[in-house]
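Enquirer: sharing a model prediction with you, sequence too.
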Protein chains: 2
Amino acid sequence: MQRYFVTKENINDKLSKATIKGKDVHHIKDVMRMKVGESIILCTDDLCEYVCNITSIGNVIDLDIISTSVNSNELKCTLTIAQGMVHKNKIEEVVRRICELGASSFVSVQMSRSNTYVKKKDDYRFDRFETIIKEACEQSERGKLLKHFGFMSFKEFIEFSKSFDVLLVCYENDGRNNKSHLVNVLNEIGYDNLINKKILVIVGPEGGFDPSEIDNLINNGFRCFGLGPRILRTETAPLMVCSVIASFLDK
Amino acid sequence: MQRYFVTKENINDKLSKATIKGKDVHHIKDVMRMKVGESIILCTDDLCEYVCNITSIGNVIDLDIISTSVNSNELKCTLTIAQGMVHKNKIEEVVRRICELGASSFVSVQMSRSNTYVKKKDDYRFDRFETIIKEACEQSERGKLLKHFGFMSFKEFIEFSKSFDVLLVCYENDGRNNKSHLVNVLNEIGYDNLINKKILVIVGPEGGFDPSEIDNLINNGFRCFGLGPRILRTETAPLMVCSVIASFLDK
């Protein structure tokens, strides 16, 4: 059944009614060509899912709520992926995939070897990211939308990291050292210290980390890990990170 | 150091000389703009790596072999990814990423819910796949090139599967059953039964498997596994499969 993320304002629990406004109306009417009587699922960011029947289709779509349930597809931790600033096509690709793989949020960090710079906040096409995130989360049956924190400086990132429970940095120089493989690091930290915790993982930009950045991260509580002997592109590493962490917690 | 995959014909072990012909000459001369005296690594498919100095640059590039070593970046198994036939852009994306993640070979399988069809072998742009594979394997410092088996019918695939040691099928219906999570299935099979073995994993096309195809696979020795509760696109599932299997064997 087709799913749409809406806000709580769209839901009237007391009357068991719901409405859809905005872009989703176009999607339901013109893309899916749905008719009155057909069913969809509305999802809100508090993990509620409402199976609804369409009762009228116009500029606004009206629905009757048939049943309510709680989404149980979220990761058993909140996983934030930080990535050294890369070209926006690559960010889009990463954001789309980590939505599917269960990450909770994403942030781009301006690093010394980044070959892309954001001059002003407007350079950052948040509306496009929002569309990608919404589509990917709907399609993968997530219970929450991924939160996109936009971009920040390295200094801002260090401050940002202080609110997390587990801090990890993917450092390619550690890749060939089996002891520091992500799986082994997760095992060492222990399942109980990861479950329901706020985990922050940073991967470098295309040029990799500057050694001074690694020192700075380690001094601020980050632990290095590797992903095996093969060199991964900056847009592949976050996918492997999410895959391994999700598998570790889901299994 | 820049790496290039060449065949054994390019290597003269006795004289410690090597030559490069074809497309790589253009890459070295015009893209990398390398000069006589600079060093590169030549890789051959038997896992040998030759650090070489360039001695002349013309239509052919001549090199002196400085040192020889063995690549140790390959997975500790041979992992073949089979995927229900999808659009070629998606195949390219998958092939590029699974090269980085260590897969040994790839094949597209025509399945009943595939929405893309290959009418004749020429529709399949092998030269483009070859370029993608070569670049991805060079960049990720693989010891071998990924082998692309092209496409085959489901019946041909069942025959093809008979030469493998471990047969797995990624079936979304099993995703929500923790017991059949890939990590748990790998643990059950056991490290010793995976190491150095020929593993074949099939993921469905965009429309998923037809139930009769699943029955057919199971009857032919395939074991089902899931990748957690979230629904992955057909181009994301192979990346998670490779990530999890690589982590299981590398750690």
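Expert: All right, it came through fine.
Enquirer: state the pLDDT value of residue A:150.
Expert: Note on residue A:150: pLDDT of 89.
Enquirer: which one is residue A:151 nearest to, not counting chain neighbours?
Expert: Spatial nearest neighbour of residue A:151, chain neighbours left out: residue A:108 (4.1 Å); criterion: CB to CB, 6 or more residues apart in numbering or on different chains. All C-beta spots, glycine's among them, are computed from the backbone N, C-alpha and C.
Enquirer: assign a three-state SS to that neighbour, would you?
Expert: Residue A:108 carries the three-state label strand when classified by DSSP: H, G, I helix; E, B strand; the rest coil.
Enquirer: neighbours around it, how many?
Expert: 27 (other CB atoms under 10 Å in any protein chain shown).
Enquirer: identify the residues contacting it.
Expert: Residues counted as contacts of residue A:108 (CB atoms under 8 Å, 6 or more residues apart in numbering or on different chains) are A:82, A:83, A:84, A:85, A:86, A:91, A:118, A:150, A:151, A:152.
Enquirer: now residue A:73
Expert: A:140, A:141, A:142, A:143, B:229, B:230.
Enquirer: tell me which element it is part of?
Expert: Per DSSP states H and E: residue A:73 is located in neither a helix nor a strand.
Enquirer: helices along the stretch 151-251 of chain A, start to end?
Expert: For the stretch 151-251 of chain A, the helices defined by DSSP state H, counting those that start in this stretch occupy A:154-160, A:182-189, A:211-219, A:237-250.
Enquirer: hmm, back to that, what's across from the residue nearest to residue A:151 in the sheet?
Expert: residue A:83, residue A:151 (DSSP bridges).
Enquirer: try residue A:70
Expert: residue A:48.
Enquirer: for chain B, see how far away it is.
Expert: 13 Å (CB to the nearest CB, to the nearest Å).
Enquirer: tell me if I'm right that that residue and residue A:47 touch.
Expert: Yes: between residue A:70 and residue A:47 there is a contact under CB atoms under 8 Å: 5.4 Å.
Enquirer: overlap in contacts, the two.
Expert: residue A:143.
Enquirer: looking at these two, which is more packed in?
Expert: Under the criterion of other CB under 10 Å, the comparison of residue A:70 against residue A:47 puts residue A:47 first, with 15 against 9.
Enquirer: surely that one touches residue A:68?
Expert: No: at 11.0 Å, residue A:47 does not count as touching residue A:68 under the criterion of CB under 8 Å.
Enquirer: next one, pLDDT for the residue nearest to residue A:151 please.
Expert: For residue A:108, pLDDT reads 95.
Enquirer: how about residue A:177?
Expert: Here the pLDDT value assigned to residue A:177 is 64.
Enquirer: got it, and the one 3 residues further on?
Expert: Taken from the predicted model, the pLDDT recorded for residue A:180 is 90.
Enquirer: next, count neighbours for it.
Expert: 18.
Enquirer: near chain B, which residues of the stretch 51-200 of chain A are found?
Expert: A:72-73, A:97, A:100-102, A:139-142, A:178, A:181-184 (CB under 8 Å from any CB of the partner chain).
Enquirer: neighbour-wise, give me the winner out of those residues.
Expert: Busiest of those [other CB under 10 Å] is residue A:101, holding 30 neighbours.
Enquirer: quick check, that one in contact with residue A:239.
Expert: Yes: Residue A:101 lies in contact with residue A:239 (CB under 8 Å); the separation is 6.5 Å.
Enquirer: intersection of neighbour lists for these two?
Expert: Shared contacts of residue A:101 and residue A:239, defined by CB under 8 Å, 6+ apart, are found at B:236, B:240.
Enquirer: returning to what we had before: which of the contacts of residue A:108 are buried?
Expert: Among the contacts of residue A:108, the ones that count as buried by 16 or more other CB atoms under 10 Å in any protein chain shown are A:82, A:83, A:84, A:85, A:86, A:91, A:118, A:151, A:152.
Enquirer: distance-wise, check residue A:159 relative to residue B:105.
Expert: Residue A:159 is 46 Å from residue B:105, where distance means CB to CB, to the nearest Å.
Enquirer: just checking, residue A:137 is part of a helix?
Expert: Yes: according to three-state DSSP, residue A:137 belongs to a helix.
Enquirer: how many neighbouring residues does residue A:59 have?
Expert: What residue A:59 shows, counting by other CB under 10 Å, is a neighbour count of 7.
Enquirer: same check on the one 10 residues further on?
Expert: Residues contacting residue A:69 under the criterion other CB under 10 Å number 11.
Enquirer: again, but for the one 5 residues further on
Expert: For residue A:74, the number of neighbouring residues by other CB under 10 Å comes to 15.
Enquirer: please apply the same query to the one 5 residues further on.
Expert: Burial of residue A:79, expressed as a neighbour count using other CB under 10 Å, amounts to 26.
Enquirer: tell me the secondary structure at it.
Expert: Residue A:79 is classified as strand under three-state DSSP.
Enquirer: who does it form a beta bridge with?
Expert: Beta-bridge partners of residue A:79, as defined by DSSP bridges: residue A:199.
Enquirer: so what's it up against?
Expert: A:102, A:103, A:104, A:199, A:201, A:242, A:245, A:246.
Enquirer: could you rerun that using 7 Å?
Expert: Taking CB atoms under 7 Å, 6 or more residues apart in numbering or on different chains, we find residue A:79 in contact with A:102, A:103, A:104, A:199, A:242, A:245.
Enquirer: from those residues, which would you call buried?
Expert: A:102, A:103, A:104, A:199, A:242, A:245.
Enquirer: any idea how far the first one lies from residue B:218?
Expert: Distance, residue A:102 to residue B:218, using CB to CB: 28 Å.
Enquirer: show me where pLDDT drops low in chain A?
Expert: A:119-124, A:172, A:174-178 (pLDDT under 70).
Enquirer: all strands for it, in order.
Expert: A:3-5, A:11-12, A:17-20, A:39-43, A:48-57, A:61-70, A:78-84, A:105-110, A:147-153, A:166-170, A:198-203, A:223-225 (DSSP state E).
Enquirer: so which of those gets nearest residue A:27?
Expert: Among these, strand A:3-5 comes nearest to residue A:27, with 7.7 Å by CB to CB.
Enquirer: with just CA atoms, put stretch A:110-118 into PDB.
Expert: This file holds the C-alpha atoms of stretch A:110-118, laid out as PDB (Å, rounded to 0.1, in the frame of the first residue of the first chain):
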ATOM      1  CA  GLN A 110      33.300  21.300   5.500                       C
ATOM      2  CA  MET A 111      36.700  19.700   5.800                       C
ATOM      3  CA  SER A 112      40.200  20.900   4.800                       C
ATOM      4  CA  ARG A 113      40.400  18.400   1.800                       C
ATOM      5  CA  SER A 114      36.800  18.900   0.600                       C
ATOM      6  CA  ASN A 115      36.800  19.900  -3.000                       C
ATOM      7  CA  THR A 116      33.300  21.400  -2.800                       C
ATOM      8  CA  TYR A 117      32.400  24.500  -0.900                       C
ATOM      9  CA  VAL A 118      29.000  26.000   0.100                       C
END
